[in-house]
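> Kindly return the folded structure for what I paste below:
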Amino acid sequence: MENLTKLTKEDASAASARESSSANVAAVSSDCNVIIPIIDMSTSTKEDVSEQMWNAARTVGFFTIINHGIEVNDIDSIFELSKEFFDQSPENKKQYPFDVDRNSGYEYMTQAPASTNTMDQKESMQITAREGCMDGLWPESPENFRQSTERMMSRLHELACTILSLLEPRACPHPKPGTLAKSHRLWKEDGQCTLRLMHYPPIDEKTFSNSTNLWRAGAHTDWGCITLLFQRIGQDGLECRANPQGDAQWIEVPPVDNGGITVNIGDMLKLWSDDALISNMHRVRMPRTLDECGRSRYSVAFFLQADGKAVIESRTKDSITAGGEIAR
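Below is the predicted model of the structure:
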């Protein structure tokens, strides 16, 4: 199963109806007063940061963090690495084909979310931190690809576990403290955390003119616990539902300068929290103008996904392993 997309049949039907009801360029509400909170992790107390994250996670399911400890230069470097990889010829990139069983490798416009039934207009390179998962799939070029991505994955893993620990006391008070963070390990035999480099290529005029039901990424929820996303200033397009519990309005989730990281709650953490937290549907719209069509969009996502054997225990639902939850 792709780590970006998980929809129930009901969600898929509703999303499809919403998206087909109007052109995607007009689907975002212009008068909605919901905004994505920005949380400064350096100037507030731990309790205040926890409170802000809790409020965002149980209402819109998205927030942006700044001053989180990952330097802007390091973020710029991972984007430069990503661009260098995607700038290679298709033949070079296809040497590392996506392997569904390993959830790793390169793919080009092969995802078709249930909400659209059309191919997402993007390519990606996916690295799953499970023992043996990347054997034969590490790109030879750029030559520092493995070292750089493993280092960034380690830092994002540490940051994501910190966020989990800040949410855990109220979101998941039933397990032993620290259970959530300890359930997400890198490079173990049942590890499932994933780093994904994404490139949304320029759109030609013909595709743009016939893009009513095309999306750079169709509406979906993430199936893990937490997603951390790097976006680039000037490369907008990410949207989420303004009210995950109700209407069909969509709002922008804009990039934030100085290294802002977009954070969203996934299905697994929603389950662990007895539905106290929101796993909100989101999508990446197509360009709105011909000028925007001529530009690439890049993003880098880290999916904090519990180990396959980790047991998700809630107070109101049957316990299940993370691997079992993904399979069903």
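
> what's near enough to touch Pro201?
Under the criterion of Cβ atoms under 8 Å, 6 or more residues apart in numbering, the neighbours of Pro201 are Gln121, Lys122, Glu123, Ser296. The way it works is simple: take the backbone N, C-alpha and C, and place the C-beta from them, glycine included.

> Which residue is the nearest non-sequential neighbour of the second one?
So the one you mean is Lys122. Using Cβ to Cβ, 6 or more residues apart in numbering and skipping residues adjacent in sequence, the residue nearest Lys122 is Tyr200, 4.6 Å away.

> Next, count neighbours for the one you found.
Using other Cβ atoms under 10 Å, Tyr200 has 22 other residues around it.

> looking at it, it is touching Gly237, isn't it?
Yes. With contact defined as Cβ atoms under 8 Å, Tyr200 reaches Gly237; the gap is 7.4 Å.

> hey, what's in contact with both of the two?
The overlap between the contact sets of Tyr200 and Gly237 (Cβ under 8 Å, 6+ apart) consists of Arg216, Val284, Arg297.

> Can you tell me which of these is nearest Lys93?
Using Cβ to Cβ, Arg297 comes nearest to Lys93 of the shared contacts of Tyr200 and Gly237, at 17.6 Å.

> Can you tell me the closest non-neighbouring residue to that closest one?
Tyr200 (3.9 Å).

> how close does that neighbour get to Phe86?
Noted for Tyr200: a distance of 10 Å to Phe86, by Cβ to Cβ, to the nearest Å.

> shared neighbours of these two, anything?
Tyr298.

> how near is the residue nearest the centre of the chain to Ile265?
In the chain, the residue lying closest to the centroid (Cα atoms, centre = their mean) is Thr227, at 4.6 Å. As judged by Cβ to Cβ, Thr227 and Ile265 stand 8 Å apart.

> all helices for the stretch 51-200 of the chain, in order.
Taking DSSP state H, counting those that start in this stretch, the helices of the stretch 51-200 of the chain run over residues 72-86, 90-93, 145-171, 179-182.

> List the buried residues of the longest one.
Residues of helix 145-171 classed as buried: 145, 148-150, 152-153, 155-157, 159-164, 166-168, 170-171 (neighbour count, 16 or more other Cβ atoms under 10 Å).

> Could you list the low-pLDDT ranges of the stretch 151-300 of the chain?
Within the stretch 151-300 of the chain, the segments meeting pLDDT under 70 span 247.

> Strands of that one, start to end?
In the stretch 151-300 of the chain, the strands defined using DSSP state E, counting those that start in this stretch lie at 194-200, 217-220, 226-231, 238-241, 250-252, 261-265, 282-284, 297-304.

> Check the spacing between Asn117 and Ser211 real quick.
15 Å.

> Looking at the two, which is more packed in?
Neighbours per residue (other Cβ under 10 Å) separate Asn117 from Ser211, with Ser211 holding more: 20 against 11.

> got the contact list for the residue nearest to Arg297?
Listed by Cβ under 8 Å, 6+ apart, the contact partners of Tyr200 are Gln121, Lys122, Arg216, Ala217, Gly237, Val284, Ser296, Arg297, Tyr298, Ser299.

> Quickly name whichever of these is closest to Ile261.
Distances from Ile261 to the contacts of Tyr200, taken by Cβ to Cβ, are shortest for Ser299, at 11.0 Å.

> got a list of what the nearest residue to that closest one once chain neighbours are set aside touches?
Closest residue to Ser299 apart from its sequence neighbours, by Cβ to Cβ, 6+ apart: Met198 at 4.9 Å. Neighbour list for Met198: Ser82, Lys122, Glu123, Ser124, Tyr298, Ser299, Val300, Ala301 [criterion: Cβ under 8 Å, 6+ apart].

> Return the per-residue confidence for the second one.
Reading off the per-residue confidence, Lys122 sits at a pLDDT of 97.

> And Glu313, how far from Arg283?
31 Å.

> Who has more neighbours out of those two?
Counted by other Cβ under 10 Å, Glu313 and Arg283 do not tie: Arg283 has more neighbours, with 26 against 15.

> Quick check: bridge partners of the more buried one?
Arg283 forms beta bridges with Glu239, as assigned by DSSP bridges.

> measure it to Ile35 for me?
Taking Cβ to Cβ as the measure, Arg283 and Ile35 are separated by 18 Å.

> swap in Asn73?
Distance of Asn73 to Ile35, given as Cβ to Cβ: 28 Å.
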